[in-house]
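Asks: Fold the following and give me the result.
(one chain, ligands or ions: 1)
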Amino acid sequence: SVLAARSLEVYGPAESQQAVFGDVRPLLTSLLDGYNVCIMAYGQTGCGKSYTMLGPQSTGEPVPPWEPHSDLGVLPRAAGELFRLISENPSRSLKVDVSIVEVYNNDIFDLLAKDGRTAASGPKREALTAQEAKPEVCLLTREPVHSAAEFMALAAGRLQLRAELATSVHANSSRSHLIITATLTTAPARGSPGKWPRARRSASGGRAWPGALGAQRPAEQVHAKLQLVDLAGSECVGVSGVTGSALRETSFINRSLAALADVLGALAERRGHVPYRNSKLTHFLQDVLGGDVKLLVILCVSPCRKHVAETLRCLGFGARARQVQRGQARGGSPAPRKPR
Ligand SMILES: Nc1ncnc2c1ncn2[C@@H]1O[C@H](COP(=O)(O)OP(=O)(O)OP(=O)(O)O)[C@@H](O)[C@H]1O
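Replies: Got it, this is the predicted structure:
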């Protein structure tokens, strides 16, 4: 079941990143309480999704999040809040593992498994749910991090691998969906049998665990997952002026966003069949969207009149996401975990 935020906040162009994070912060407390949390940014290309989620793409020294004018995005602030909350209660011994995945042209790429190569040249991954994960099929790298600084250093290095392109709407347009997952685990229960006793090393030196997002490391208990999703921008081909392989990318992006809207629509209407498998993006998100999750959707829209059609489409997506209510999701989803 998706426990969707029913409240609606609207932020103007002059609003600070700190104010936006004010809406996100309570979800970190929920995460520590054992809820899965998914925060996704959706909207037209060039409208500020990556800025909101990650912060500006500047090379200068970032202003720390506690400064009121800091322009750091949701990711570094969430990482800081996560480790602050963990440090408040050390007796729980929560550990944090991070995975970073890019969905590009309907293929899944593990950004932590690469050695400095660009998107689409690295190893592909299969989207497997917790129920169907098989050790021989999928290895998704999960790196342990012990502080917000470690989390950010890992992310900053790997996000440079993300596929980008200059379009006539946006000079650094992301051509992929980015999904950063922080998995919180608790120490193994005494005497619990390990199905996969030893972690394998990935190409980047990180640990590679069988299965996708939902696959649990053997003897450890997954407490909750935080998923930060920076979706590729929805795009009107006539406006962005893309052709050739970029046009192909755009078509994959628009199709996967339509599939995501369909999944939210099916969840909202509590349909018997939720079409997770219509795209790799939705299949990959199935474990979280199909389970107990607190979902926050950030819609980024343009104030320009010429983009009004995209803006309305974006608001339509948000309206659909808001209709997803607390309750049992049926059909094709894994057994929901009880929130603790
Ligand atoms: N609130 C803001 N304040 C200042 N600059 C912003 C803000 N939002 C976005 N920008 C700037 O606008 C540009 C486009 O933003 P961004 O890259 O976040 O768009 P996007 O929606 O992720 O685009 P795409 O989907 O094409 O990747 C960037 O240069 C970014 O720094």
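
Asks: Single out the residue in the stretch 201-340 of the chain that lies closest to the ligand.
Replies: Here the residue of the stretch 201-340 of the chain nearest the ligand is Gly233; by CB to the nearest ligand atom that distance is 2.5 Å. C-beta here means a position set from N, CA and C on the backbone, and glycine is covered the same way.

Asks: Pull the contacting residues for that residue.
Replies: Residues near Gly233 by CB atoms under 8 Å, 6 or more residues apart in numbering: Gly43, Gln44, Thr45, Gly46, Cys47, Lys49, His170, Ser173, Ser174, Ile253.

Asks: Check the residues you listed and tell me the two furthest apart.
Replies: Cys47 and Ile253 (14.0 Å; CB to CB).

Asks: Just the CA atoms of the helix or strand encompassing Tyr51, as CSV, please.
Replies: Here Tyr51 sits within helix 49-54, counting by DSSP states H and E. What follows is helix 49-54, C-alpha atoms only, in CSV (Å, rounded to 0.1, in the frame of the first residue of the first chain):
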residue,chain,number,x,y,z
LYS,A,49,14.2,18.3,-10.9
SER,A,50,18.0,17.7,-10.6
TYR,A,51,18.5,21.0,-8.9
THR,A,52,15.8,20.2,-6.3
MET,A,53,17.0,16.6,-5.7
LEU,A,54,20.8,17.0,-6.0
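
Asks: and the next element down the chain from that helix?
Replies: With DSSP H and E, the next secondary element past helix 49-54 is helix 74-88.

Asks: Who are the packing partners of that following helix?
Replies: In terms of contacts (3 or more CB pairs under 8 Å, 6 or more residues apart in numbering; DSSP states H and E), helix 74-88 is packed against helix 17-32, strand 36-43, helix 49-54, strand 95-104, helix 148-159, strand 177-186, strand 221-230.

Asks: Out of the ones you listed, which gets nearest to the ligand?
Replies: Taking the helices and strands packed on helix 74-88 one by one with CB to the nearest ligand atom, helix 49-54 is closest: 3.3 Å.

Asks: what is the mean pLDDT for the closest one?
Replies: On average, the pLDDT along helix 49-54 is 91.

Asks: Glu81 against Ser30, yeah?
Replies: No: Glu81 is not in contact with Ser30 according to CB atoms under 8 Å; the separation is 11.6 Å.

Asks: picking that back up, by mean pLDDT, show me the worst of the helices and strands packed on helix 74-88.
Replies: helix 148-159 (a mean of 86).

Asks: what helices or strands is the helix holding Tyr51 leaning on?
Replies: strand 36-43, helix 74-88, strand 221-230, strand 293-300.

Asks: Tabulate the ones you listed in CSV, adding columns for distance to Ala182.
Replies: Listed next are these as CSV, based on distance: least, CB to CB, whole Å:
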stretch, distance to Ala182
strand 36-43, 9
helix 74-88, 7
strand 221-230, 4
strand 293-300, 14
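
Asks: Where is the longest helix in this protein?
Replies: For the chain, the helix with the greatest residue count under DSSP state H is helix 244-268.

Asks: buried stuff in stretch 174-192?
Replies: Neighbour-count burial for stretch 174-192 flags Ser174, Arg175, Ser176, His177, Leu178, Ile179, Ile180, Thr181, Ala182, Thr183, Leu184, Thr185 (criterion: 16 or more other CB atoms under 10 Å).
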